[in-house]
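J.: quick one, fold the following:
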Amino acid sequence: MHTVDPKGRISVPARFRDLILASNEDRVMITNFRAQSTPCLDVYPYPAWLSLEESIAKQPQFDPKVQAFTLYYVSSALECQIDKQGRILLPPILREYAKLEDTVMLTGAGKKFQVWNHAAWQDVFDRSEAAIFEDPTSFFGDIKI
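T.: This next block holds a predicted model:
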């Protein structure tokens, strides 16, 4: 668990901060996302975001699904800098979208990390756990968990 300070900043955990700074960048791109219909924020190291934008640019731009994704995900993205104390300012509009107040949860998600309202994350986590262990073979086939 992490806290959002009165100015709307969060401290980026060392493992994420090291990943971001390893690319010689101190910028991240933050955008809205939903998992299981629950809002959260996706935070990308700047080079990973540029790679995503390149992939999107290769898609058929007149496809309504591509347009919807671009309007929802890409258009909402805001560039933020990591300060010298290892914090990022979460823009107010994105904090409001994800209902981020005092206590938040940061979770790894491949090339990005996510910022969740703590109670919302716990609910999504619990539902995910139930779905996985209800029938683990439908998720993993031969992998034993």
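
J.: ok, and the closest non-adjacent residue to the most centrally placed residue in the chain?
T.: Central residue of the chain (C-alpha atoms, centre = their mean): residue 42, 1.8 Å from the mean position. In space, and not counting its chain neighbours, residue 42 is closest to residue 33: 4.5 Å by C-beta to C-beta, 6 or more residues apart in numbering. Yep, even glycine has a C-beta here, placed from its N, CA and C like the rest.

J.: distance between the host helix or strand of the one you found and the chain's centre?
T.: Assigned by DSSP states H and E, residue 33 belongs to strand 27-35. Distance of strand 27-35 from its chain centroid, counting by C-alpha atoms, centre = their mean, to the nearest Å, is 5 Å.

J.: tell me which stretches of this structure form strands.
T.: Counting by DSSP state E, one finds strands in the chain at the ranges 2-3, 9-11, 27-35, 38-45, 78-81, 87-89, 103-109, 112-117.

J.: between those, which gets nearest to residue 71?
T.: Nearest to residue 71 among those is strand 27-35; the distance by C-beta to C-beta comes to 11.2 Å.

J.: tell me which residues in that closest one are buried?
T.: Using 16 or more other C-beta atoms under 10 Å as the test for burial, strand 27-35 gives 27, 28, 29, 30, 31, 32, 33, 35.

J.: that one pairs with which strands, parallel or anti?
T.: strand 38-45 (antiparallel), strand 78-81 (antiparallel) (DSSP bridges).
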